[in-house]
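**Q** structure of the sequence below:
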Amino acid sequence: MQTLNLQTSQAQLFIPFTPSPGGQSSPKMTDPNERFFRHFQSQLTTIQDQIDDLGALSPVNGERQMCTDTILAGISRLNNEVIDAGDYIPAYDQRAYSQAIKALTEKLNETTGKFKPKSRFQFKPRAQNATAQAGAAETRSQAPSLQQSPASPSVAAADDKDEHAASSQAASKDYNAELRDPAAAKTGGVRKPSFSQARSIALEGHEAVHIALPTGAAKSSASVTDLDRCVVDMSAPTVDGGRPFAGLALRNVRRSLVVAGRVDGPAHVTGVEGSVVVVAARQVRMHDCRDVDVYLHCASHPIIEDCSGVRFAPIPATYLPEELSGVTNQWDQVDDFKWLKSEPSPNWSVLPKGERISDARWRDAVSGDPSPTADDILRRFGIPSS
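**A** Model prediction:
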């Protein structure tokens with residue numbers, strides 16, 4: 001019997017399943033119980049990795065909270081799938097799955113609890129008879145704020161208000177406002193915000209602009225949100241001895257070209273449509289994406305969920321960091337978490353070689369002549385503007 005191990009601070013859980021005849025898993029995994037086990041195992045590992053990566057994400061611009069919301073949705077979805085699979089999963093196995101989900105929720109609670117700022121207020125009893133009351137109040141304040149059940153996993157969001165305020169004070173410049181300045185728009189060409197006074201890279205709310213980060217703009221993390229008909233090149237700070245981003249979040253991007261550079265941790269791609277994305281990351285997770293071409297270097301299996309029309313190709317040599325030249329690229333080993341059938345998922349495919357953009361075009365169109373507008377570049381890459 002094969003088992004799935006889930007390490008927690010409280011216990012080690014084992015989720016059993018019955019392998020197919022002969023003691024080996026069937027290549028097509030025709031047994032529904034075994035298929036579900038494989039699916040659950042993959043989902044569980046992914047969510048654990050997401051929880052482990054939370055500490056590397058910045059609380060600024062909601063990046064950490066967005067990842068926490070994704071984790072919560074994944075736990076809830078996984079729990080519902082266990083319930084739906086009750087027709088063919090034995091009751092004992094269902095209990096084991098539920099215990100694993102509960103342990104996963106507790107792990108998330110424990111992790112997010114570490115991000116909460118310590119209270120500046122302390123009880124200082126003036127009389128000895130107040131000691132018991134103060135102790136009771138302190139006990140209540142330290143008690144877990146949530147009691148979870150496997151059926152409805154949730155977590156108290158980390159209170160990042162103090163961190164947001166501190167970051168806002170540190171970042172005296174609004175780089176996004178500068179990028180949207182009509183005076184800057186009249187100059188045309190590429191815009192290069194330095195982000196020298198910011199703790200993280202955050203591009204949001206832009207339309208029809210060409211943005212390229214300069215070499216000195218490397219920060220701990222990066223997020224790109226709410227773009228339409230834009231060209232964004234974030235690769236320069238992460239190559240030629242530069243420092244990779246700890247994490248990346250792309251969200252609500254339409255009809256755009258995003259060269260995201262190198263990411264040492266996870267890259268979360270959510271709500272991207274009709275676009276081209278280039279990224280080198282340790283992990284890539286895509287949600288709710290439509291008609292996207294992804295040029296990728298990934299050290300693990302890329303994951304898609306609720307996606308369609310996603311095509312993958314290896315990252316162009318122009319954007320492959322030398323540090324990753326010896327790392328196996330698993331760009332085409334895609335796991336579709338919403339496709340449990342034995343047949344290949346119809347939601348993604350390999351981008352045919354004849355349709356891939358050549359290295360020369362990448363150099364000339366994105367990193368070369370700075371004068372073309374965003375619409376000019378998008379037109380060269382076959383990205384429609386309407």
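
**Q** okay, now the unreliable bits of this protein?
**A** For the chain, the stretches flagged by pLDDT under 70 are 1-30, 60-62, 117-188, 193-199, 216-220, 240-241, 365-371, 386.

**Q** quick one: Val224 from Leu213, how far?
**A** 11 Å (C-beta to C-beta, to the nearest Å). C-beta: built from backbone N, CA, C; applies to glycine.

**Q** give me the common contacts of these two.
**A** Counting by C-beta atoms under 8 Å, 6 or more residues apart in numbering, the shared contacts of Val224 and Leu213 are Met234.

**Q** residues in contact with stretch 324-343?
**A** Taking C-beta under 8 Å, 6+ apart as the rule, stretch 324-343 contacts 28-30, 35-36, 39, 42-43, 46, 262, 280, 294, 296-307, 312-315, 345-348, 350.

**Q** return a PyMOL selection command for the buried portion of these.
**A** Selection of buried members from those for PyMOL, criterion 16 or more other C-beta atoms under 10 Å:
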select buried, resi 29+35+36+39+43+46+262+280+294+296+297+298+300+302+303+304+305+307+312+313+314+315+345+347+348
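
**Q** just the ones of the contacts of stretch 324-343 in strands?
**A** 262, 280, 294, 296-298, 303-305, 312-314, 348, 350 (DSSP state E).

**Q** what is the nearest of those to Leu378?
**A** Val294 (16.6 Å; C-beta to C-beta).

**Q** ok, the closest one - contacts?
**A** Val294 touches 269, 276-279, 284, 286, 302, 310-313, 331, counting by C-beta under 8 Å, 6+ apart.

**Q** beta partners for it?
**A** Note on Val294: beta-bridge partners by DSSP bridges are Val277, Phe312.

**Q** could you measure from it over to Val263?
**A** 13 Å.

**Q** what is the burial count for Asp84?
**A** Here the number of neighbours of Asp84 (other C-beta atoms under 10 Å) works out to 10.

**Q** measure it to Ser385 for me?
**A** 42 Å.

**Q** with Pro302 instead?
**A** 28 Å.

**Q** repeat for Ala236
**A** 25 Å.

**Q** could you do Thr238 as well?
**A** Thr238 is 28 Å from Ser385, by C-beta to C-beta.

**Q** so those two - more neighbours on which side?
**A** More crowded of Thr238 and Ser385, by other C-beta under 10 Å: Thr238, with 25 against 12.

**Q** can I see the domain layout of the chain?
**A** Domain segmentation of the chain under automatic domain parsing yields 2-113, 173-380.

**Q** ok, which stretches of this protein are helices?
**A** Here the chain has its helices, by DSSP state H, at 32-53, 63-84, 91-113, 131-142, 161-170, 175-180, 182-187, 359-362, 374-380.

**Q** which secondary structure elements does the last one contact?
**A** Applying 3 or more C-beta pairs under 8 Å, 6 or more residues apart in numbering; DSSP states H and E, one finds that helix 374-380 contacts strand 231-233.

**Q** and the contacts of the strand it packs on?
**A** 203, 209-213, 224, 256-259, 366-367, 374, 377-378.

**Q** who wins for most neighbours among these?
**A** That'd be Ala374 among the contacts of strand 231-233, by other C-beta under 10 Å, with 28 neighbours.

**Q** that one and His210 touch, don't they?
**A** Yes - if you go by C-beta atoms under 8 Å, Ala374 and His210 touch, sitting 4.5 Å apart.

**Q** give me the common contacts of the two.
**A** 230-231.

**Q** ok, Ile287 to Val209 distance?
**A** Actually, residue 287 is His rather than Ile. 25 Å.
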